[in-house]
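K.L.:
I would like to see how this sequence folds:
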Amino acid sequence: MADKSPLQKIRNIGIVAHIDAGKTTLTERILYYAGRIHRMGEVHDGQAVMDWMPEEQEKGITITSAVTLLEWDGCEIHLIDTPGHVDFTIEVERSLRVLDGAVFIFSAVEGVEPQSETIWHQADRYQIPRLAFINKMDRIGSDFEGAVGMMKKKLGANPVYCQIPLGIEEGHRGVVDLVRMCGVVWDEEEMGATYRDVEIPEELETEAKEKRDALIEKIAECDDALMEKYVHEEEITEEEIRRAIRKATLNLEITPVFCGAAYRNRGVQPLLDAVVDYLPSPLEIPPITGFDPADQTPLKREASVKEPLTALVFKVAMEEGRKLSYLRVYSGIMKPEKVLFNASLGEKERIARLFQMHANQRKRIQQAHPGDIVAATGLKTVRTGDTLCEEHSPIVLEPMKFLEPVISIAIEPKSIADQEKLFASLEKLAAEDPTFRFRFDEESGQILISGMGELHLNVLVQRLTREFFVHANVGRPQVVYRETITQPVEERGEFLREIQGKQQAGSVLLEIAPQPRGSGIRVVNALPEEVQLPPECIQAVKEAFRESCVSGSLGGYPVVDVAGRLLSAEYKEGVSTPLGFRIATATTFQRAYERGSPILLEPIMSVDIVVPEEYASGVIGDVQARRGKILEILPKRQITEIRASIPLSEMFGYSTDLRSASKGRGTFTMQFERFDEPQDKK
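P.N.:
Next comes the predicted model:
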């Protein structure tokens, strides 16, 4: 990029979808047509630019989100290609946190799949405007209308047709542009780089007119000026239609729908035009919000170089043994060698170098502006989700939420040399991935690593060998349980002891009670008005309660879904201390917990199985034998989709069993749903 683009000419977008919907294939075409690369790589042969990790090239899937920058129609587009496999949801979550817009890819054959639903709701949480691209229109069994219908039914979306396909399956040649009311076809011999307008075929004229009328009617509902012209049947220009689509998209009132076949190089350039036309610049999203770390006062930062510097670290990666921190700059100007303030940790940091990233390739830059997504070296203590700012204008942005691991495996080094390097290597992997944990189990003498699924842990073990040269033996996967109580308990406890020459005392009456599934941990001050307790002692009680929930008494698993109430406390001037209340709370919690009839909760997975209809009954029986609950059975032409909830402990090795039960033709995906009480087999 020669000169810095003005803010209104910047787009920050993500390419998101279920696994195998065509995200990386589409991204390769985008980079090729934008002149960012000179040869299109394919995912299946391990040549895709954005899938640069050896594990990605071997498995043919995206594992880590990859950032790049390109130009299109005078706009600077920061693009993140994200994984579609549920085990790597963290990569999507932290990417969505810093993006202004998203392009959702749906397969015309499979429609809306489970991981697409998960990502859609993540985008809802961050209020991200989005476009939809119905891919694979050239595939046998493609169903454009069916895919759009699933968007309405499964996502609660309000899709608006901006294109319809020009032919389907083998007859797919291009698209019909409903804004310009013309056909667009691509030249096969030019690798899709050139395309031309054609007349709309006679057999599609009626459908195109109906869809265009529906488009104008929907966007007119969101634009008073357009509604006035629509009601009076006045002519509406292409520019007015585009302006109204943009307004409704940014207001999250509609999702414009496009289509094509990325692998066949069709539909990509109009989609890029739509990114420029309909997705927001940093100026068109609400100012980023946070709070002052000193007094929790709400704060805002406008997207402007005149505002104090504010940036969010959304990803940390270890490359060639060095820490590389990915940042989204929201305000101010960031430069190398500048001392910054990590408001999340209260520590100073210095950026050594700034880079513009293209997958794993770096280009050194001298400054970063609002709207930029860049990487930095030299930041020693930052973690994913930390806020960097000016020390004289501190702000902490909303932190990210990370899912807890649900599966563990034991790992042991093969040699003394490996043992010395193992913990340091695991610490580096954990710094990269907030959904990865490791700990030493004193009872078994083993090191346990925990993650989101078998593939997640498999990739991490491979990286230990490839990147850190640590060789280890791996045990069988184990389920990571949770604990909770089943009945409320009140317990009184006190602490009085001299520690380091000072009396430390505390006395509390606690109630702990079970909560509905998914409620988490809640602790409140319920002291009577006449009981006066210093704020620092109340804070010590709350912190000690939460710390006590880290490990339950049944198996050392985290305690969830409990509420604590501080009912009474005794404070003695000069003797009672925050440390005394902390220890009193911890010991009281343990006694109360054991009286509360604790139980284990197991992870329940949401499983989506697709099999030919002749094997459906056998698969349903197998699901029930695995303590699964059938939620929905959806016949789709010659296949049947089965949606179920199944305990994770029953899913190990399921891919082999499903292949056997369906003669290799069945597929499934699963993602974590909830923790719940174990159910006996029927």
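
K.L.:
going forward, measure contacts between C-alpha atoms and count neighbours the same way
P.N.:
Noted.

K.L.:
can you list the residue ranges for strands in the stretch 301-450 of the chain?
P.N.:
Listed in chain order, the strands found in the stretch 301-450 of the chain under DSSP state E, counting those that start in this stretch are 310-319, 322-331, 339-342, 347-350, 353-358, 361-365, 373-377, 387-389, 396-397, 407-413, 437-441, 446-451.

K.L.:
put together TSV for these, with distance to residue 192 and mean neighbour count on each row.
P.N.:
Below are the strands of the stretch 301-450 of the chain laid out as TSV (distance: least, CA to CA, whole Å; neighbours: other CA atoms under 10 Å):
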stretch	distance to residue 192	mean neighbour count
strand 310-319	34	22
strand 322-331	33	23
strand 339-342	46	22
strand 347-350	46	17
strand 353-358	23	22
strand 361-365	26	13
strand 373-377	29	24
strand 387-389	42	29
strand 396-397	43	25
strand 407-413	44	21
strand 437-441	45	15
strand 446-451	41	21
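
K.L.:
can you put these in JSON lines and add mean pLDDT?
P.N.:
Compiled in JSON lines, the strands of the stretch 301-450 of the chain are given as follows (pLDDT from 0 to 100):
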{"stretch": "strand 310-319", "mean pLDDT": "89"}
{"stretch": "strand 322-331", "mean pLDDT": "91"}
{"stretch": "strand 339-342", "mean pLDDT": "93"}
{"stretch": "strand 347-350", "mean pLDDT": "92"}
{"stretch": "strand 353-358", "mean pLDDT": "89"}
{"stretch": "strand 361-365", "mean pLDDT": "89"}
{"stretch": "strand 373-377", "mean pLDDT": "93"}
{"stretch": "strand 387-389", "mean pLDDT": "94"}
{"stretch": "strand 396-397", "mean pLDDT": "94"}
{"stretch": "strand 407-413", "mean pLDDT": "84"}
{"stretch": "strand 437-441", "mean pLDDT": "81"}
{"stretch": "strand 446-451", "mean pLDDT": "83"}
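
K.L.:
so which of the ones you listed gets nearest residue 573?
P.N.:
Taking CA to CA as the measure, those were each checked against residue 573, and strand 347-350 came out nearest at 34.6 Å.

K.L.:
who touches the residue nearest to residue 595 when sequence neighbours are not counted in this structure?
P.N.:
Of all residues beyond its chain neighbours, the one nearest residue 595 is residue 489 (6.9 Å), with distances taken as CA to CA, 6 or more residues apart in numbering. Contacts for residue 489 were tallied using CA atoms under 8 Å, 6 or more residues apart in numbering; they are 511, 512, 513, 592, 593, 595, 596.

K.L.:
can you redo those residues as JSON lines with pLDDT?
P.N.:
Formatted as JSON lines, the contacts of residue 489 follow (pLDDT from 0 to 100):
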{"residue": "511", "pLDDT": "95"}
{"residue": "512", "pLDDT": "96"}
{"residue": "513", "pLDDT": "95"}
{"residue": "592", "pLDDT": "95"}
{"residue": "593", "pLDDT": "95"}
{"residue": "595", "pLDDT": "94"}
{"residue": "596", "pLDDT": "94"}
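
K.L.:
mind checking which helix or strand of the chain has the lowest mean pLDDT?
P.N.:
For the chain, scoring each helix and strand by mean pLDDT, DSSP states H and E identifies helix 54-59 as the least confident one, at a mean of 58.

K.L.:
after that helix comes which helix or strand?
P.N.:
Downstream of helix 54-59, the first helix or strand assigned by DSSP states H and E is strand 66-72.

K.L.:
contacts for that following strand?
P.N.:
Everything outside strand 66-72 that qualifies as a contact, by CA under 8 Å, 6+ apart, is 31, 34-36, 50-51, 76-82, 272-273, 276, 356-360.

K.L.:
that older thread, quick check: the residue nearest to residue 595 vs residue 512, distance?
P.N.:
Counting by CA to CA, to the nearest Å, the gap between residue 489 and residue 512 amounts to 6 Å.

K.L.:
check residue 334 too.
P.N.:
Between residue 334 and residue 512 the distance is 48 Å, computed by CA to CA.

K.L.:
still on that earlier bit, pLDDT at the residue nearest to residue 595, what is it?
P.N.:
Residue 489 carries a pLDDT score of 95 in this model.

K.L.:
and if you look at residue 321?
P.N.:
Residue 321 is assigned 67 on the pLDDT scale.

K.L.:
try residue 589
P.N.:
Per-residue confidence at residue 589 stands at 95 (pLDDT).

K.L.:
counting neighbours, what do you get for it?
P.N.:
Here the count is done by other CA atoms under 10 Å, and residue 589 has 27 residues near it.

K.L.:
kindly report the same for residue 531.
P.N.:
The number of residues packed around residue 531, counting by other CA under 10 Å, is 11.

K.L.:
let me know the secondary structure of it.
P.N.:
Here residue 531 is recorded as coil under DSSP: H, G, I helix; E, B strand; the rest coil.

K.L.:
right, and residue 79 touches residue 10 too?
P.N.:
No - with contacts counted by CA atoms under 8 Å, residue 79 stays clear of residue 10, the gap being 10.8 Å.

K.L.:
which intervals of the stretch 201-350 of the chain have sub-threshold pLDDT?
P.N.:
320-321 (pLDDT under 70).

K.L.:
where do the helices sit along it?
P.N.:
Listed in chain order, the helices of the stretch 201-350 of the chain (DSSP state H, counting those that start in this stretch) span residues 202-220, 224-231, 238-250, 268-278.

K.L.:
per-residue pLDDT of the spatially most central residue of the chain, please?
P.N.:
Per CA atoms, centre = their mean, the C-alpha nearest to the average position across the chain is that of residue 93, at 2.0 Å. On the pLDDT scale, residue 93 is placed at 84.

K.L.:
helices or strands next to the strand or helix carrying residue 32 in the packing?
P.N.:
Under the assignment given by DSSP H and E, the secondary-structure element containing residue 32 is helix 23-33. Contact here means 3 or more CA pairs under 8 Å, 6 or more residues apart in numbering; DSSP states H and E; on that basis helix 23-33 packs against strand 10-16, strand 75-81, helix 268-278.

K.L.:
so residue 467 sits in a helix?
P.N.:
Yes - Residue 467 sits within a helix when classified using three-state DSSP.

K.L.:
what about it, distance to residue 600?
P.N.:
Residue 467 is 37 Å from residue 600, where distance means CA to CA.

K.L.:
also residue 412?
P.N.:
Distance from residue 412 to residue 600, by CA to CA: 27 Å.

K.L.:
got it, and residue 663?
P.N.:
Summarising the geometry, the distance separating residue 663 from residue 600, computed by CA to CA, is 37 Å.

K.L.:
the two: which has the busier surroundings?
P.N.:
Counted by other CA under 10 Å, residue 663 and residue 600 do not tie: residue 600 has more neighbours, with 19 against 12.

K.L.:
give me the element the more buried one is part of.
P.N.:
Residue 600 belongs to strand 599-612 when elements are defined using DSSP H and E.

K.L.:
how many neighbours does residue 480 have?
P.N.:
By the measure other CA under 10 Å, the count of residues near residue 480 is 20.

K.L.:
quick one, phi psi at the residue nearest to residue 595?
P.N.:
Main-chain dihedrals, residue 489, degrees, to the nearest 10: phi -140, psi 140.

K.L.:
and it, how close does it get to residue 552?
P.N.:
16 Å.

K.L.:
wait, a strand at residue 146?
P.N.:
No - membership of residue 146 in a strand is not supported by three-state DSSP, which gives helix.

K.L.:
can you get me a residue count around it?
P.N.:
By the other CA under 10 Å criterion, the neighbourhood of residue 146 contains 14 residues.

K.L.:
wait, doesn't it sit right on residue 111?
P.N.:
Yes - Residue 146 is in contact with residue 111 according to CA under 8 Å; the separation is 7.0 Å.
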